[in-house]
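[1] Would you be able to build a 3D model of this:
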Amino acid sequence: MEFGEFELHVIHENRFWIDGGAMFGVIPRVLWETLTRPNGRNRIALQANLLLVKSQKKNILVEAGLGDALPQKWKLNYGVEGSSQMIGKLRELGLGPEEIDVVILTHLHFDHGGGCVQEESGTLNLTFPRAQHIVQKKEWETALAPDVRSRASYLEELLLPLSRGGMLRLANGSTQIAPGIEVVNTGGHTRGHQVVLISSGDRKALFTGDLIPTRCHLKIPYVAGVDLFPLETMERKEEMIQRAVEENWLVLFGHDTEIDGGYLGRGERGRVVLEPVSEVA
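    Alright, predicted model coming up:
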């Protein structure tokens, strides 16, 4: 999609399966299963969606997906369907790993940061050796010393190569990464969760990360059970949705399996409605 001075390409990196209750928290299955059908193990499919932002000066990748370096136990537990498609799809778009200038990570859970490294002859090396990797300082601190509730979402061994390679940049709150590219610390899902706001002229696009992981999470109370601060998620989600409606933002989802994104409006009784865009890439 041409988006002002940028090109936006959504990359479908890999699919995996996660417990439906974990993705909808206090919302009972009788309600959420009308939006997304679980399998016999009560799991729903999620897509690891990445966003490539191309400009004349920089190639910026938002998220690194699951990658292929996850331990086999993790792949089985989360029903990872196959090998990562990230590098192959980047090459289809004319880019090799060394041509990525910046990687923005909304947070460091395994399904967002796992692809930052790849295994080569028993050693974990950076997938994007020339790229600055942008993460919130609070998120980096949490990932290296997670609490007992968060421990199952982080793999320290996949993250440490970022700091050893000197390619880690820690942001403190809202930060401009490049002209027209800003990260906004939302909290909610994790202390250091951030979304990405892309601006060109009067056009804006929002990559939601896990603040609004799928179109099924547009209702304010529909918050994942794994969110550490659910009330904060709801507050920031409501704020972002209101701005997206008023300012006609393109909203891009990090985990939807069917729709890359779209524009939000208001329907009957103020209900949020989504007008999907055709597949971005």
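[2] List of residues touching the lengthiest helix in the chain?
    Once the chain is assigned using DSSP state H, the helix that runs over the most residues is helix 230-247. Counting by Cβ atoms under 8 Å, 6 or more residues apart in numbering, helix 230-247 makes contact with 25, 186-189, 195, 204, 206, 208, 211-212, 217-218, 220-221, 223-224, 227, 249, 251, 263-266, 272, all of which sit outside it. Using the backbone N, CA and C atoms, a C-beta is placed for each residue, glycine as well.
[3] So in terms of bridging, what pairs with residue 250?
    Taking DSSP bridges as the rule, residue 250 bridges to residue 205, residue 263.
[4] That one and residue 218, how far apart?
    From residue 250 over to residue 218 the distance is 14 Å, taken as Cβ to Cβ, to the nearest Å.
[5] Where do the strands of the stretch 151-281 of the chain begin and end?
    Taking DSSP state E, counting those that start in this stretch to define them, one finds strands in the stretch 151-281 of the chain at 168-171, 175-178, 181-185, 194-200, 203-207, 250-252, 261-266, 272-276.
[6] Make CSV out of those and add distance to residue 139 and mean pLDDT.
    Conversion of these to CSV gives the following (distance: least, Cβ to Cβ, whole Å; pLDDT from 0 to 100):
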stretch, distance to residue 139, mean pLDDT
strand 168-171, 9, 97
strand 175-178, 13, 96
strand 181-185, 9, 98
strand 194-200, 8, 97
strand 203-207, 16, 97
strand 250-252, 20, 98
strand 261-266, 23, 96
strand 272-276, 28, 94
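[7] Reformat those strands as JSON lines; add distance to residue 69.
    As requested, the strands of the stretch 151-281 of the chain are exported to JSON lines (distance: least, Cβ to Cβ, whole Å):
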{"stretch": "strand 168-171", "distance to residue 69": "17"}
{"stretch": "strand 175-178", "distance to residue 69": "25"}
{"stretch": "strand 181-185", "distance to residue 69": "25"}
{"stretch": "strand 194-200", "distance to residue 69": "23"}
{"stretch": "strand 203-207", "distance to residue 69": "23"}
{"stretch": "strand 250-252", "distance to residue 69": "26"}
{"stretch": "strand 261-266", "distance to residue 69": "28"}
{"stretch": "strand 272-276", "distance to residue 69": "33"}
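[8] That concludes my questions; thank you for your assistance.
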